[in-house]
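J.: here is the input, now give the coordinates:
(one chain, ligands or ions: 2)
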Amino acid sequence: MSLDLFTATHADAGEQIGAGTWLFRQRALPEVAALAGGLRLILAQAPWRHLITPGGHRMAVAMTNCGTLGWHSDEAGYRYQPVDPLSGHPWPAMPPAFAELARQAAALAGYPDFHPDACLINRYRPGAGLSLHQDRNEQDHGQPVVSVSLGMEARFLWGGLQRGQTALKLPLYHGDILVWGGPDRLRFHGIAPLQGPPHPEWGLKRINLTFRRAR
Ligand SMILES: O=C(O)CCC(=O)C(=O)O
Ligand SMILES: [Fe+2]
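T.: Ligands and ions are numbered 1, 2, ... in the order given. This next block holds a predicted model:
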């Protein structure tokens, strides 16, 4: 923590994690009530589900989406689609507070024209993680990824551009926003199996909002 003083080189007190990567600690805290309210409405229309990987495995992380496009996985592969396959209806609209927070964080990180059309929402329970992967189902890799953390602490695994490279472990806490793009857009990343105490308000879970421009 004491190092933050020396690494905070950005005017808005972000920490630069890589050439195109910025971490904004607690940046989402003022918006938590709005995010929680939006999330409740989204879940009423598009409940949590455990997707199946193309290899046939059930994912440990539960997911849903909001926005004009939602990320989906099944035996046929990974893709974005406008309709929730569970309900047959379009995904819930992205609440303005979600889109605005993502847009602001991207701008602070040096990506001024970010207009997300997809927000993947992940729920981790203790023991659940996400193995190292690249986010590459989007059309324009010139657009960044904006990731908002809520609830329990997680260890974000920040790898390299090749799968085998050693991953840095970066703790992410309630309210943190991580933005990656440019030369870091295709870096491998993941989440170590969740452990540690429950969050005082969110309990035994971590929720992650991942904003992207899919098309
Ligand atoms: O939960 C996180 O912080 C990362 C999620 C992620 O990498 C993804 O959904 O592609
Ligand atoms: Fe990812």
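
J.: show me what from the chain comes close to ligand 1.
T.: For the chain, the residues in contact with ligand 1 (Cβ under 6 Å from any ligand atom) are 120, 122, 130, 135, 147, 156, 189, 191, 208, 210. For glycine as for every other residue, the C-beta is placed from the backbone atoms N, C-alpha and C.

J.: how about a cut-off of 5 Å?
T.: 122, 147, 191, 208, 210 (Cβ under 5 Å from any ligand atom).

J.: any chance of these in a markdown table, with neighbour count too?
T.: Listed next are the residues of the chain next to ligand 1 as a markdown table, based on neighbours: other Cβ atoms under 10 Å:
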| residue | neighbour count |
| --- | --- |
| 122 | 21 |
| 147 | 24 |
| 191 | 22 |
| 208 | 22 |
| 210 | 20 |
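
J.: now render those as CSV, adding pLDDT and distance to residue 184.
T.: As requested, those are exported to CSV (pLDDT from 0 to 100; distance: Cβ to Cβ, whole Å):
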residue, pLDDT, distance to residue 184
122, 98, 20
147, 98, 12
191, 98, 17
208, 98, 18
210, 98, 15
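
J.: biggest separation within those, which pair?
T.: 191 and 210 (11.1 Å; Cβ to Cβ).

J.: for this structure, which residue gets nearest to ligand 1?
T.: Proximity of the chain to ligand 1 (Cβ to the nearest ligand atom) peaks at residue 208, 3.3 Å away.

J.: which of the helices or strands spans that residue?
T.: strand 206-212 (DSSP states H and E).

J.: stretch 64-74: end-to-end distance?
T.: Criterion Cα to Cα, to the nearest Å; first-to-last residue distance in stretch 64-74 is 14 Å.

J.: got the residue ranges for the strands in the chain?
T.: 15-18, 21-24, 62-67, 70-74, 77-81, 118-124, 130-133, 145-151, 154-158, 168-172, 177-180, 189-191, 206-212 (DSSP state E).

J.: quick one: contacts for the nearest residue to residue 76 once chain neighbours are set aside?
T.: What sits nearest to residue 76 in space, not counting adjacent residues and going by Cβ to Cβ, 6 or more residues apart in numbering, is residue 54, at 7.2 Å. Residues near residue 54 by Cβ atoms under 8 Å, 6 or more residues apart in numbering: 73, 74, 75, 76, 77, 78.

J.: report the contact partners of residue 27.
T.: 105, 175, 176, 177.

J.: 6 Å instead?
T.: Each residue near residue 27 by Cβ atoms under 6 Å, 6 or more residues apart in numbering is listed here: residue 177.

J.: and the residue lying closest to residue 48 once chain neighbours are set aside, how many neighbours?
T.: Spatial nearest neighbour of residue 48, excluding adjacent residues (Cβ to Cβ, 6+ apart): residue 62 at 3.9 Å. Other residues lying near residue 62 total 18 when counted by other Cβ atoms under 10 Å.

J.: what about residue 62, distance to residue 86?
T.: The gap separating residue 62 from residue 86 is 12 Å, by Cβ to Cβ, to the nearest Å.
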